[in-house]
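Colleague: pasting the structure only:
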């Protein structure tokens with residue numbers, strides 16, 4: 001922005017913003033050349049040479065041109081709180097993230113403390129996006145609850161996971177394909193035993209896998225859901241290629257269809273089939289928190305590796321997570337949902353800086369079951385519920401959603417559930 005004409009001391013100075021080797025910054029040009037512009041011509045010849053010299057001249061005469069260094073620009077510049085409250089845990093912590101200006105390096109970090117059980121959990125995800133394939137890795141620790149058929153907690157076990165993934169994206173305007181290959185190392189140890197069953201053996205597993213994911217849905221700036229299309233994941237995993245406590249293979253098909261109705265109303269249908277041979281890590285149904293890839297078209301590229309490989313937990317609304325009778329090497333899950341808009345507010349407060357974009361609701365009905373032997377599918381347990389979601393903006397720029405829900409399970413092991421979730425949208 002040029003200085004004021006009335007300011008003779010800095011009359012010829014120009015301040016401007018640009019992206020240089022150290023990222024986005026403010027620059028100062030002491031003596032710019034005034035560019036003559038007429039209605040029907042643009043400066044050329046000698047004048048244009050002077051202009052080009054002025055434009056390409058570095059802002060500081062003694063500046064050195066150095067090779068791009070991303071590491072100096074990776075310090076996180078923002079954070080937001082993390083909360084998770086359920087019947088058997090109360091986690092409080094922070095989420096933060098960072099990337100260099102051209103996004104070769106990207107990371108997210110979650111660190112939390114469980115005030116009810118007095119232990120720490122967390123997760124680090126990192127992505128390097130310069131080569132083909134894109135490389136990702138993650139480190140995580142979480143506490144897994146094991147619940148008996150009476151609904152009582154039998155024990156908590158630490159689950160420490162290291163994942164490494166390479167992916168090859170093929171994106172077009174209407175659809176996205178991703179080929180994934182990955183390795184997962186996972187260790188489980190007893191953390192807090194609350195029954196008389198004694199100590200369980202520590203397990204170490206090394207899993208290899210290959211997967212293909214596909215997306216053809218459309219999502220728009222004011223959409224409440226993906227529209228008109230499908231999201232599909234086909235996953236094959238093996239416990240025998242590397243030495244593991246568990247053995248066998250696991251095959252998973254996860255298919256979602258979205259049907260756009262009028263006025264942003266969307267009907268979606270989902271089916272998940274999981275099949276394990278021999279004795280792999282079992283599938284776990286229950287709880288209300290979605291654990292698979294989110295709905296954004298490019299989310300598969302940036303989602304945590306564990307969301308593709310080693311994924312054994314799926315929500316079954318109306319049933320507690322961790323029940324022993326909802327664990328098995330075979331799994332079937334189905335869900336039908338209706339999403340509908342309620343209000344587009346688009347208003348906010350200056351202090352505190354909170355904005356409310358829109359409010360929408362969801363009704364859902366789900367069925368699911370796990371088993372261990374045979375091809376005969378047992379009777380599916382069912383549940384239903386409703387959710388209210390608010391799209392918020394914190395600090396003028398960070399999009400988050402606040403979700404409040406209720407669910408009820410209608411069959412054995414079912415219960416009434418109320419839950420609240422606050423999560424950022426990256």
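Modeller: Yes, it's here. Just so it is clear, the structure is predicted and the values come from calculations on it, not from any experiment. Numbers count the residues shown, from 1 in each chain.
Colleague: quick one: residue 211 and residue 178, what's the gap?
Modeller: 8 Å (CB to CB, to the nearest Å). C-beta here means a position set from N, CA and C on the backbone, and glycine is covered the same way.
Colleague: what do you get for residue 245?
Modeller: 30 Å.
Colleague: roughly how far does residue 357 sit from residue 373?
Modeller: 49 Å.
Colleague: so between those two, which is more surrounded?
Modeller: residue 357 (17 against 8; other CB atoms under 10 Å).
Colleague: leaving aside the residues adjacent along the chain, what's closest to that one?
Modeller: residue 391 (4.1 Å; CB to CB, 6 or more residues apart in numbering).
Colleague: mind checking the SS state of the one you found?
Modeller: For residue 391, the assignment made with DSSP: H, G, I helix; E, B strand; the rest coil gives strand.
Colleague: now for it: which residues touch it?
Modeller: 356-360, 399-401 (CB atoms under 8 Å, 6 or more residues apart in numbering).
Colleague: again, only using 10 Å
Modeller: If you count contacts by CB atoms under 10 Å, 6 or more residues apart in numbering, residue 391 has them with 222, 224, 344-346, 355-360, 399-402, 425.
Colleague: can you check residue 269 too?
Modeller: Counted by CB under 10 Å, 6+ apart, residue 269 has contacts 230, 255-259, 334-337.
Colleague: now render these as a markdown table, adding neighbour count, pLDDT and distance to residue 288.
Modeller: Output for the contacts of residue 269, formatted as a markdown table (neighbours: other CB atoms under 10 Å; pLDDT from 0 to 100; distance: CB to CB, whole Å):
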| residue | neighbour count | pLDDT | distance to residue 288 |
| --- | --- | --- | --- |
| 230 | 16 | 93 | 24 |
| 255 | 15 | 95 | 21 |
| 256 | 22 | 94 | 18 |
| 257 | 15 | 95 | 22 |
| 258 | 23 | 95 | 21 |
| 259 | 12 | 94 | 24 |
| 334 | 15 | 97 | 16 |
| 335 | 20 | 97 | 12 |
| 336 | 15 | 97 | 16 |
| 337 | 18 | 96 | 13 |
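Colleague: and which of those is nearest residue 97?
Modeller: Set against residue 97, the nearest of the contacts of residue 269 by CB to CB is residue 256 (26.5 Å).
Colleague: give me the subset of the contacts of residue 391 lying in helices.
Modeller: Counting by DSSP state H, the contacts of residue 391 place none of their members in helices.
Colleague: and those residues, which is closest to residue 27?
Modeller: Of these, the one sitting nearest to residue 27 (CB to CB) turns out to be residue 399, at 30.4 Å.
Colleague: surely the closest one and residue 393 touch.
Modeller: Yes - in this structure residue 399 lies within contact range of residue 393 using CB atoms under 10 Å: 5.8 Å.
Colleague: so what's in contact with these two at the same time?
Modeller: Residues touching both residue 399 and residue 393 by CB under 10 Å, 6+ apart: 355, 357.
Colleague: the two - which one has more neighbours?
Modeller: For residue 399 and residue 393, the more surrounded residue by other CB under 10 Å is residue 393, and the numbers stand at 16 against 13.
Colleague: what is the neighbour count of the closest residue to the more buried one other than its chain neighbours?
Modeller: Leaving out its chain neighbours, the residue that sits closest to residue 393 by CB to CB, 6+ apart is residue 355, at 3.9 Å. Residue 355: 18 surrounding residues under other CB under 10 Å.
Colleague: list the contacts of residue 355.
Modeller: Counted by CB under 10 Å, 6+ apart, residue 355 has contacts 345-349, 391-397, 399.
Colleague: what pairs with the strand or helix carrying residue 333, and is each one parallel or antiparallel?
Modeller: Following DSSP states H and E, the helix or strand that holds residue 333 is strand 330-349. Strand pairing for strand 330-349, determined by DSSP bridges: strand 266-276 (antiparallel), strand 354-371 (antiparallel).
Colleague: and the shortest one, which residues are buried?
Modeller: Counting neighbours by 16 or more other CB atoms under 10 Å, one finds that the buried residues in strand 266-276 are 266, 268, 270, 272, 274-276.
Colleague: residue 245 and residue 178: which is more packed in?
Modeller: residue 178 (22 against 16).
Colleague: just the pLDDT for the more buried one.
Modeller: On pLDDT, residue 178 comes in at 90.
Colleague: okay if I get the buried residues of strand 266-276 as CSV plus distance to residue 67 and pLDDT?
Modeller: As requested, the buried residues of strand 266-276 are exported to CSV (distance: CB to CB, whole Å; pLDDT from 0 to 100):
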residue, distance to residue 67, pLDDT
266, 48, 94
268, 48, 95
270, 48, 96
272, 47, 96
274, 48, 97
275, 50, 97
276, 49, 97
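Colleague: tell me how far stretch 403-423 lies from the chain's centre.
Modeller: 22 Å (CA atoms, centre = their mean, to the nearest Å).
Colleague: quick one: mean pLDDT over that stretch.
Modeller: pLDDT averaged over stretch 403-423 gives 91.
Colleague: give me the buried positions along it.
Modeller: Within stretch 403-423, the residues scored as buried using 16+ other CB under 10 Å are 403, 405-409, 413-414, 417, 419, 421-423.
Colleague: and that stretch, end to end?
Modeller: Criterion CA to CA, to the nearest Å; first-to-last residue distance in stretch 403-423 is 9 Å.
Colleague: got it, and stretch 388-399?
Modeller: Per CA to CA, the first residue of stretch 388-399 is 17 Å away from its last.
Colleague: could you check which helix or strand contains the residue lying closest to residue 141 once chain neighbours are set aside?
Modeller: Closest residue to residue 141 apart from its sequence neighbours, by CB to CB, 6+ apart: residue 160 at 5.2 Å. Using DSSP H and E, residue 160 sits in strand 153-171.
Colleague: ok now that strand, how far from the chain's centre?
Modeller: Taking CA atoms, centre = their mean, one finds strand 153-171 lying 13 Å from the centre of the chain it belongs to.
Colleague: quick check: mean pLDDT of it?
Modeller: For strand 153-171, the per-residue pLDDT averages 91.
Colleague: could you do stretch 243-253 as well?
Modeller: Stretch 243-253 comes out at a mean pLDDT of 95.
Colleague: pretty sure residue 201 contacts residue 246?
Modeller: No - contact between residue 201 and residue 246 fails when scored by CB under 10 Å: they sit 11.6 Å apart.
Colleague: of the two, which one has the most company?
Modeller: Neighbours were counted for residue 201 and for residue 246 using other CB under 10 Å; residue 246 has more, 20 against 8.
Colleague: much appreciated, bye for now.
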